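In: generate a structure from the sequence data that follows.
(chains A and B)
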Amino acid sequence: MSDLHPKPPDSGARIVFDNVSRFYGEVLGVNRVKLSIPPGITSLVGPNGSGKTTLMNLMVGLIRPTEGTISVNGISPNDPQHLFQHVGYCTQVDHFPHRLSGYDFIYYYLRCHGYSYDEAKQRTQIALERLDMTAPASRPVGGYSKGMRQRIKLAQAISHDPSILILDEPLNGLDPMARAETIAMFRAWGAEGRHVIVSSHILHEVDQISDQVILLSHGYVVAEGEIHNVRSEVSDQPVQILVRCNRPGVLAARLFEKDQVVEGKLHIDGRSLLIRTRDADKFYLVLNRVILESGLEVDTVAPADEDVNSVYQYLIGEGTTT
Amino acid sequence: MNPQWKLWSRQVWAVARLELHKSLLQRRAWWLLAAAPVVLTGGHSIMASMGQWGCSMGVDTRAFASIFQLFIVRFGIFFGCAGIFTTLFRGEMAEKTMHYYFLTPVRREVLAAGKYLSGEITALTFFVGGSALSYVLITLHWGAAHWQRLLRGPGLYEVSWYVIVAALACLGYGAIFMAFGLWFKNPMIPAVALMVWEGINPFLPSVLKKVSVIFYLQGLCPTDVPMDGPLALLEIISEPTPAWLAIPGLLLLTAAVLALAGWSVRSMEVSYGD
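Out: Below you'll find the model as predicted:
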């Protein structure tokens, strides 16, 4: 295939928001956003109206910032000719041009990239195959199911092999099998050193795929970074740790004696103890000592709230997510 | 060719092809507007050949001049271009599909050029083709005399000028209506204002007459259509602008409006409000 579109940029490339604000008249979209997003899978998390889509639209120049500047791997969103050689964006908008089949929907826009007939045709076939859309490709998009529409949009977004993939609620409408395949694809893209920016309100899926998260609320970035680091910054919430061992009752009693535990819950299975502590580092030291002293057989010691859902609840606390 | 220009020209054609595929040639309204004078003149020829009414070739060509100036240009091309060109951008915004173009590596000016080209291919095909066909049809019933006049008499000269005027009308009105589609949420409001302005052109003072498209187009038509009835008393006669000035003037106006439209597309945002 021709090299109309350069290879993925080096891993030092970043998407940078420098003090970016966007207002819709009087209404706040996002405010004073400062971000530097490295390659890998980054999830934008927040309730409806928190500014996820606004942030994505700003990244690709569909809307302009009221204040501040944005740079996508060194390219301004005001330069579509260069930007979209590297960027693929699957929006949440569920409308399609009239009279286009799934094949046309990818092929004709690839021709707009400047690809020749043969190359556009080849790339269209590859994209359709990757999203398992070859069979219905000749039918008009208007007659597709919600899941098929989502897949054809994804196929279009990846058809030019972008190094930055921006996906607004990409798993909406997909069946479990398609979700698993799509998530695997995102992971592979992230592992190749590409940027994959995903917005989702399905937090357990975000947890599965994200290298880092950006938590948004009411147009503000509440937290950003790897989920472990974000969790450790939430100092006002005791850390939850799950310990699976042969005598959890004994363990609980000994830990309370050492004064490092705020709360302990014995699980109904009789083999697990959920601990809440304010200082995880000190707790782990105490736990090691107790295990040695008591001769406990420990299966698992794992953080129980180092996930997006818990951090989301601690920081945003709105029960709108699943 | 410079590789950059080569890419842009490929992209212009790609955009035009997509536009033609997904909408422009599919809408029935353009067919109706373009077909109406063809049906009218064709019907006239059929009726005349059946001896239903008597006329002369001179009367027929003057009748065509009236049809061309009063129907084809003022109505068919005007409303046809309004429909074709205002929807190029505004229609996509209404259908929430504009972002697909904005997410391709196409300069916004190149996108505007591609869309304008697709509109012109449609408008020129329908309205220039329709005008030429109507001209040929209106005197067809004269048989050999018709062909003699068309191929060896003044017919070729006249039809060439009608084609030029129709093409200039498509180019000028097309650029204006595409710009209206970019600048106004409801481009039909300025389109109606323009229609009124073009409609009252015969009654405007000479200076104001020149701030219009129709004044220059009328001046280029090979046959005058004098105004009849009481309205003729209100008409202000002005010297028509010579062709060597009118044609470049209209092309310059088109280029200027297109440049402004291209500049507007650069700063255009896509926000569907949901």
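In: show me which residues of chain A sit near chain B.
Out: Residues of chain A lying close to chain B (Cβ under 8 Å from any Cβ of the partner chain) are A:24, A:57, A:60-64, A:80-85, A:87-89, A:91, A:93, A:95-100, A:104, A:108-109, A:111-114, A:156. In this view, the C-beta of every residue, glycine as well, is placed from N, C-alpha and C.
In: among these, name the ones in strands.
Out: Counted as lying in strands by DSSP state E, out of those, are A:24, A:87, A:88, A:89.
In: from the centroid of chain B, which residue is nearest?
Out: Centroid-nearest residue in chain B, with Cα atoms, centre = their mean: residue B:170, separated by 2.6 Å.
In: so that one sits right up against residue B:124, yeah?
Out: Yes - taking Cβ atoms under 8 Å as the definition, residue B:170 is a contact partner of residue B:124 at 5.5 Å.
In: can you map out the helices along chain B?
Out: For chain B, applying DSSP state H gives helices covering B:3-22, B:28-49, B:57-66, B:78-86, B:90-94, B:98-102, B:108-123, B:129-138, B:144-152, B:155-183, B:188-199, B:206-209, B:214-220, B:243-266.
In: now tell me what touches stretch A:56-68 from outside.
Out: With contact meaning Cβ atoms under 8 Å, 6 or more residues apart in numbering or on different chains, stretch A:56-68 is reached by A:15, A:17-23, A:29-30, A:32-33, A:44, A:54, A:70, A:72, A:76-78, A:80, A:83-84, A:87, A:89, A:91, A:166, A:168, A:197, A:199, B:99, B:102-103, B:267, B:269-271.
In: let's see it at 7 Å
Out: A:15, A:17-23, A:70, A:72, A:77-78, A:80, A:83, A:87, A:89, A:166, A:168, A:197, A:199, B:99, B:102-103, B:269-271 (Cβ atoms under 7 Å, 6 or more residues apart in numbering or on different chains).
In: now the buried members of the residues you listed.
Out: A:15, A:17, A:20-22, A:70, A:72, A:77, A:80, A:83, A:87, A:89, A:166, A:168, A:197, A:199, B:99, B:102-103, B:270 (16 or more other Cβ atoms under 10 Å in any protein chain shown).
In: tell me where the model's unsure across the chain.
Out: Going with chain A. Counting by pLDDT under 70, the low-confidence segments of chain A come to A:1-12, A:233-235, A:317-322.
In: let me rephrase: I mean chain B.
Out: B:24-26, B:52-54, B:230-234, B:274.
In: quick check: residues of it near chain A?
Out: When proximity is defined as Cβ under 7 Å from any Cβ of the partner chain, chain B approaches chain A at B:7, B:10-11, B:14-15, B:17-18, B:21-23, B:26, B:95-97, B:99-100, B:102-108, B:269-272.
In: which PyMOL command selects the buried ones in these?
Out: Entered in PyMOL, the line below selects the buried ones among those, by 16+ other Cβ under 10 Å:
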select buried, chain B and resi 7+10+11+14+15+17+18+21+22+23+96+97+99+100+102+103+104+105+106+107+108+270
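In: so residue A:187 sits in a strand?
Out: No - per DSSP: H, G, I helix; E, B strand; the rest coil, residue A:187 lies outside any strand segment and is helix.
In: any idea how far chain B is from it?
Out: Using Cβ to the nearest Cβ, to the nearest Å, residue A:187 is found at 24 Å from chain B.
In: wait, doesn't that residue sit right on residue A:209?
Out: Yes - when contacts are counted by Cβ atoms under 7 Å, residue A:187 is listed as touching residue A:209 (6.2 Å).
In: neighbour count: those two, which is higher?
Out: Ranked by neighbour count (other Cβ atoms under 10 Å in any protein chain shown), residue A:187 and residue A:209 place residue A:209 first, with 19 against 16.
In: from residue B:257, how far out is that one?
Out: According to Cβ to Cβ, to the nearest Å, residue A:209 stands 49 Å off from residue B:257.
In: what's the domain layout of chain A?
Out: Structural domains assigned to chain A are A:15-232, A:238-304, following automatic domain parsing.
In: state the number of residues packed around the closest residue in space to residue A:71 that isn't next to it in sequence.
Out: Nearest non-adjacent residue to residue A:71, counting by Cβ to Cβ, 6 or more residues apart in numbering or on different chains: residue A:16, 4.6 Å away. Here the number of neighbours of residue A:16 (other Cβ under 10 Å) works out to 16.
In: checking residue A:16 next. Helix, strand or coil?
Out: strand.
In: contacting residues for it?
Out: A:35, A:36, A:70, A:71.
In: residue B:109 and residue A:78, how far apart?
Out: Using Cβ to Cβ, residue B:109 is found at 13 Å from residue A:78.
In: run a quick neighbour tally on residue 58.
Out: Picked chain A for this. Counted with other Cβ under 10 Å, residue A:58 comes out at 23.
In: wrong one, chain B
Out: Using other Cβ under 10 Å: residue B:58 sits among 10 other residues.
In: got it, and residue A:263?
Out: Neighbour number of residue A:263 under other Cβ under 10 Å is 11.
In: one more: residue A:238?
Out: For residue A:238, the tally of surrounding residues (other Cβ under 10 Å) stands at 18.
In: and residue B:91, by the same measure?
Out: Neighbours around residue B:91, by other Cβ under 10 Å: 18.
In: many thanks, have a good one.
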